[in-house]
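**Q** Build me a structure from this.
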Amino acid sequence: MRISYGFMCRSVALTVALAVIGGCSFSEDALWPSSSGEEAQPSAEGASGTAQAAAAPSSGASPLNSLGTTTFESPGVSFGQPTGTVVGEKVQNLRGDLERLQGLLARHNDALQTQRTGARSSAGNYHALVGAMNARLQVGTTPGNPELVAQWNQAQSELQQVGASIASLNTLANESAATAGLASFLLDSTRATFDLRGAVDEDHRQLAVLEDEVSKTTIVLDRLLNELTDDISRTQNYFASERLNLTSMQVAIDNGEFIGGSLGNRAFGIPDPPPVGGAAALVGQRQPLAVIRFDEPNVNFEPALFTVVNAALERRPNAGFDLVAVTPAVGDPAKVALETNRARRNAELVLRSLVNMGLQPDRMSLAATSSPDAQVNEVHLYVR
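**A** Numbers count the residues shown, from 1 in each chain. This next block holds a predicted model:
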């Protein structure tokens with residue numbers, strides 16, 4: 001098996017690294033130049049001021065909680081003596097409603113902390129397993145090592161626990177939103193009670209205290225909802241990203257060596273459409289990004305393929321790719337048709353490998369053609 005690439009390395013380190021994985025040669029024509037600007041340098045005065053500000057300790061400031069660790073406690077309900085008026089009785093009822101509201105807030109907070117603790121524990125176990133697998137793959141191991149397969153299955157189970165917390169957090173967010181609606185209604189009712197006739201001064205004093213406590217409870221509920229929304233969004237992004245990385249690790253375990261994180265975490269934007277005339281028209285017209293020659297059984301092309309596609313996505317995150325199965329244009333039509341079918345299956349194998357590495361299917365196209373320059377069945381990879 002031999003994989004050739006269409007871009008020339010500029011650095012000795014990259015040339016040596018890629019020579020180890022398959023004697024690859026590179027040229028800049030298949031990729032794109034990256035534009036870079038000079039970063040503005042701060043003035044000496046500005047730098048000095050920044051350093052002094054960083055060095056100056058904050059006096060009297062209380063330490064802030066880390067993100068995702070806030071505990072939401074209710075402000076409590078003050079006791080008030082009954083006044084014997086109709087308004088005083090209304091105040092007592094509102095105070096009971098506030099106690100029940102704060103009880104719901106306490107339950108929401110307990111549920112949130114339980115979900116956070118469980119998700120952090122599962123995420124910690126997951127990353128411990130991933131770190132152990134990466135360390136093993138980095139030095140190389142046997143393809144499909146059963147020990148790594150068992151660790152991968154356990155890591156998948158831990159990651160699913162993190163994913164399951166998303167549904168629980170969504171349910172909790174809906175319940176908290178309903179409670180926040182009750183708090184808003186209670187605040188409106190408290191303020192409306194000021195307008196009732198037949199109140200004594202003590203009634204209005206207690207109403208003022210109650211209004212403050214309802215307002216504080218409403219603020220705590222709003223903050224809980226905001227952090228819940230952030231937690232859900234952050235967990236969803238984390239789960240989707242790590243699921244792609246775990247799929248890519250399965251490819252590495254199959255090969256017995258580390259290949260890198262998921263290509264899906266590098267692909268952004270919408271790729272350009274396939275070329276006019278189809279991807280097959282590219283053969284002989286453009287230099288391919290890579291050529292995989294299937295000149296032996298069980299060609300191990302995945303590590304080198306990951307390297308070249310990853311480099312392309314780093315240079316152009318919105319890149320698309322065209323796979324072309326190329327058959328030697330020699331022999332009778334029946335032989336050419338048979339070899340074309342085999343070459344197409346090889347191209348489909350390459351496409352599935354790229355999907356397993358995290359590259360979205362809508363970024364790729366597949367075509368087949370024959371070429372008098374091909375000596376064996378090949379798969380050409382073009383970037384667009």
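**Q** what is the rounded mean pLDDT of stretch 74-89?
**A** Averaged across stretch 74-89, pLDDT comes to 90.
**Q** now stretch 92-104
**A** 95.
**Q** what are the ranges of the strands in this structure?
**A** 2-5, 290-293, 321-328, 364-371, 378-383 (DSSP state E).
**Q** Turn those strands into a markdown table, columns for mean pLDDT and mean neighbour count.
**A** Backbone N, C-alpha and C define where each C-beta goes, glycine included. Formatted as a markdown table, these follow (pLDDT from 0 to 100; neighbours: other CB atoms under 10 Å):
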| stretch | mean pLDDT | mean neighbour count |
| --- | --- | --- |
| strand 2-5 | 53 | 20 |
| strand 290-293 | 93 | 22 |
| strand 321-328 | 91 | 25 |
| strand 364-371 | 88 | 19 |
| strand 378-383 | 93 | 26 |
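**Q** Figure out which of those strands is closest to Arg95.
**A** Proximity to Arg95 (CB to CB) singles out strand 364-371 among the strands of the chain, at 64.7 Å.
**Q** what's the angle from the closest one to strand 321-328?
**A** Taking axes from the mean of the first three to the mean of the last three CA atoms, to 10 degrees, one finds strand 364-371 and strand 321-328 inclined to each other by 20 degrees.
**Q** strand partners of strand 364-371, parallel vs antiparallel please.
**A** strand 321-328 (parallel) (DSSP bridges).
**Q** Just list the residues touching Tyr125, thanks.
**A** Careful, residue 125 is Asn and not Tyr. Glu158 (CB atoms under 8 Å, 6 or more residues apart in numbering).
**Q** What distance do you get for it to Leu159?
**A** According to CB to CB, to the nearest Å, Asn125 stands 9 Å off from Leu159.
**Q** How many neighbouring residues does Glu202 have?
**A** 17 (other CB atoms under 10 Å).
**Q** My read is that it contacts Gly84, right?
**A** No: using CB atoms under 8 Å, Glu202 is not in contact with Gly84, being 9.9 Å away.
**Q** before we move on, the earlier item: kindly reformat the strands of the chain as CSV containing distance to Lys216.
**A** Below are these laid out as CSV (distance: least, CB to CB, whole Å):
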stretch, distance to Lys216
strand 2-5, 64
strand 290-293, 63
strand 321-328, 56
strand 364-371, 55
strand 378-383, 58
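**Q** Ok, which of the ones you listed comes nearest Glu314?
**A** Once the strands of the chain are compared by CB to CB, strand 378-383 is nearest, at 12.1 Å.
**Q** what separates that closest one from the chain centre, distance-wise?
**A** Centroid separation for strand 378-383 versus its chain: 29 Å, with CA atoms, centre = their mean, to the nearest Å.
**Q** and if you look at stretch 147-156?
**A** 21 Å.
**Q** any low-confidence regions in the stretch 251-384 of the chain?
**A** 265-272, 274, 276-277 (pLDDT under 70).
**Q** For Leu228, which non-adjacent residue is spatially closest?
**A** Ala173 (4.6 Å; CB to CB, 6 or more residues apart in numbering).
**Q** Identify the residues contacting the one you found.
**A** Here Ala173 is in contact with Leu225, Leu228, Thr229, Ile232 (CB under 8 Å, 6+ apart).
**Q** From these, which land in helices?
**A** Of the positions in those, Leu225, Leu228, Thr229, Ile232 sit in helices, assigned by DSSP state H.
**Q** ok, the second one - how many residues close by?
**A** Neighbours of Leu228 under the rule other CB under 10 Å: 22.
**Q** now Ile166
**A** 18.
**Q** what's near enough to touch it?
**A** Ile232, Thr235, Gln236, Phe239.
**Q** In a markdown table, list the residues you listed along with neighbour count, pLDDT and distance to Thr193.
**A** Formatted as a markdown table, the contacts of Ile166 follow (neighbours: other CB atoms under 10 Å; pLDDT from 0 to 100; distance: CB to CB, whole Å):
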| residue | neighbour count | pLDDT | distance to Thr193 |
| --- | --- | --- | --- |
| Ile232 | 18 | 92 | 36 |
| Thr235 | 20 | 92 | 41 |
| Gln236 | 14 | 91 | 42 |
| Phe239 | 19 | 92 | 47 |
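**Q** Just confirm Leu137 contacts Gly256, I think it does.
**A** Yes: between Leu137 and Gly256 there is a contact under CB under 8 Å: 7.3 Å.
**Q** can you map out the helices along the stretch 1-150 of the chain?
**A** 12-22, 44-55, 86-139, 146-193 (DSSP state H, counting those that start in this stretch).
**Q** Figure out which of the ones you listed is closest to Asn300.
**A** helix 12-22 (9.1 Å).
**Q** tell me the mean pLDDT for that closest one?
**A** 34.
**Q** that older thread, dump the ones in helices among the contacts of Ala173 into a markdown table; add distance to Leu129 as well.
**A** As requested, those are arranged in a markdown table below (distance: CB to CB, whole Å):
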| residue | distance to Leu129 |
| --- | --- |
| Leu225 | 34 |
| Leu228 | 28 |
| Thr229 | 30 |
| Ile232 | 25 |
